[in-house]
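Pasting the sequence and the predicted model now:
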Amino acid sequence: MIRFLLIAAVALLACESHGKPPPPPLAPAPKRVVTDVTAQDYAMPKLPHARVTLIDAFGGKHPVDAEVASTRDQRTRGLMWRTELAEGTGMIFLFDRDDLLSFWMKNTLIPLDMIFIRSDFTIVGIVQRAEPKTLSARSPGNVESQYVLEVPSGWTEKIGLKPGLKVILEGTQGIVPSP
């Protein structure tokens, strides 16, 4: 008897669905667009690269392959959410003029050295081993700069960098920094 009822139920279901089109597939959920440049899942466009050459006290040259951050969003995002920064790489922040600049380490997971550079390409200050994931303002003090180069923590000390030394910046021609 149970077997008969099962066969009848299957037959009834087959009859009900016969001739009816299958339901349309569900549309995929719209992809969420993240507009907060400080969010981990923000899709940052690929940045251009420049070559920054730091000249130490003995005339030695130390090249850095640097991503270029020249807009407000790019500068705000900076090196947030990176888990590593290889020696010889970094990020150069371009501003439209010399000004009193300060940087934070919000959502920055790795310690960094920050090199503040005046418009005449002279290093005016260095912040070494900036602590990750902090909002403390870091600057060279009451000294204006137009560029800031972030490199791996401890690298500036390793190569003997200090204020007063010169920098060569190549590959930023045509990039106009936004205020």
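Everything's here; your move.

For Phe116, give the beta-bridge partners.
Beta-bridge pairing of Phe116 under DSSP bridges involves Gly125, Val148.

check contacts around Lys61.
Taking Cβ atoms under 8 Å, 6 or more residues apart in numbering as the criterion, Lys61 is in contact with Thr53, Leu54, Ile55. (Glycine included, C-beta is placed from N, CA and C.)

and which of these is nearest Ile110?
Leu54 (19.5 Å; Cβ to Cβ).

pLDDT wise, what is the closest one at?
Leu54 carries a pLDDT value of 97.

List the buried residues in the helix or strand containing it.
Assessed by DSSP states H and E, Leu54 sits inside strand 49-55. Neighbour-count burial for strand 49-55, counted by 16 or more other Cβ atoms under 10 Å, picks out Ala50, Val52, Leu54, Ile55.

mind putting those residues in JSON lines, distance to Pro28 included?
Putting the buried residues of strand 49-55 into JSON lines (distance: Cβ to Cβ, whole Å) gives the following:
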{"residue": "Ala50", "distance to Pro28": "40"}
{"residue": "Val52", "distance to Pro28": "44"}
{"residue": "Leu54", "distance to Pro28": "49"}
{"residue": "Ile55", "distance to Pro28": "54"}
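
from these, which single one is nearest Trp104?
Once Cβ to Cβ is applied, the member of the buried residues of strand 49-55 that ends up nearest Trp104 is Val52, at 21.4 Å.

which residues does the closest one contact?
So Val52 contacts Pro63, Val64, Ala66, Gly90, Ile92, Leu149, Val167, Ile168, Leu169, Glu170 (Cβ under 8 Å, 6+ apart).

Now go through the residues you listed and say which are in strands.
Pro63, Val64, Ala66, Gly90, Ile92, Leu149, Val167, Ile168, Leu169, Glu170 (DSSP state E).

Could you pick out the buried ones from those residues?
Buried, going by 16+ other Cβ under 10 Å: Val64, Ala66, Gly90, Ile92, Leu149, Val167, Leu169, out of these.

And the strands in this structure?
With strands called from DSSP E, the chain shows them at 49-55, 61-69, 89-99, 112-117, 123-130, 145-152, 167-170.

wait, which of those strands is closest to Arg32?
Closest among the strands of the chain, once you apply Cβ to Cβ, is strand 61-69, at 24.9 Å.

Give the rounded mean pLDDT of the closest one.
Mean predicted lDDT for strand 61-69 stands at 98.

does Pro152 really touch Asp113, like I thought?
Yes. Pro152 is within contact range of Asp113, at 7.0 Å (criterion: Cβ atoms under 8 Å).

anything in contact with each of the two?
Common contact partners of Pro152 and Asp113 (Cβ under 8 Å, 6+ apart): none.

quick one: low-confidence ranges for this structure?
Scanning the chain for pLDDT under 70 picks out 1-22.
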